[in-house]
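**Student:** below is the sequence, then the predicted model.
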Amino acid sequence: MSTQIWTPGMAGPLDEFVARITRMVAVFTEENELEQAEVCLELADGSRHMLATTTAEPGFGFLSFTPHREDGDPPKRVIVPIGAVRSIEISVPDPERPFGFTATD
């Protein structure tokens, strides 16, 4: 049983958080002379999501992202509390799978 309690509310300027992550992706891409980088988000439950886009919407302590889809997968948008984000990994894309990250407003 978890002893952590999360209450929705303002968790800071999420649009600035997303903008800074986007800048970090751009810097990583430039430093490593890549066309695009791969961005993977890990949540507190251990699930990992390869990101296609992210946005600070809907706000109020929540952000949303669109995971990359495999052929035939339906579109999906995931909304999570910022406190559920365990880590964000920026890396060189795996040539065997689709990749690419775009920030949205």
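**Tutor:** Happy to help now that I have it.

**Student:** quick one: average confidence on stretch 40-58?
**Tutor:** In this model, stretch 40-58 carries a mean pLDDT of 93.

**Student:** buried set for that stretch?
**Tutor:** Neighbour-count burial for stretch 40-58 flags 40-41, 49-57 (criterion: 16 or more other CB atoms under 10 Å). C-beta: built from backbone N, CA, C; applies to glycine.

**Student:** same thing with stretch 57-67?
**Tutor:** Burial within stretch 57-67, assessed by neighbour count using 16+ other CB under 10 Å, is assigned to 57, 61-67.

**Student:** and if you look at stretch 80-94?
**Tutor:** Of the residues in stretch 80-94, those buried by neighbour count under the rule 16+ other CB under 10 Å are 80-82, 90, 93.

**Student:** same for the longest strand that the chain contains, what does it pack against?
**Tutor:** Selection of the longest strand in the chain by residue count, based on DSSP state E, yields strand 48-59. Using 3 or more CB pairs under 8 Å, 6 or more residues apart in numbering; DSSP states H and E as the contact criterion, the elements in contact with strand 48-59 are helix 14-31, strand 38-43, strand 62-67, strand 102-103.

**Student:** contacts only, for Arg69.
**Tutor:** Applying CB atoms under 8 Å, 6 or more residues apart in numbering, we find Arg69 in contact with 52, 75-76.

**Student:** which strand or helix spans Gly72?
**Tutor:** Gly72 is located outside every helix and strand, with elements delineated by DSSP states H and E.

**Student:** start at 12, not 1
**Tutor:** Got it, the first residue is 12 from now on, which makes the last one we talked about Gly83.

**Student:** so, low pLDDT: which residues of the protein?
**Tutor:** Regions of the chain meeting the criterion pLDDT under 70 cover residues 12-23, 108-116.

**Student:** still on that earlier bit, between the helices and strands packed on strand 59-70, which one is nearest to Arg97?
**Tutor:** Proximity to Arg97, assessed across these by CB to CB, is greatest for strand 49-54 (4.6 Å).

**Student:** figure out how far the closest one is from the centre of its chain.
**Tutor:** Here the centre of strand 49-54 is set off from its chain's centre by 6 Å, with CA atoms, centre = their mean, to the nearest Å.
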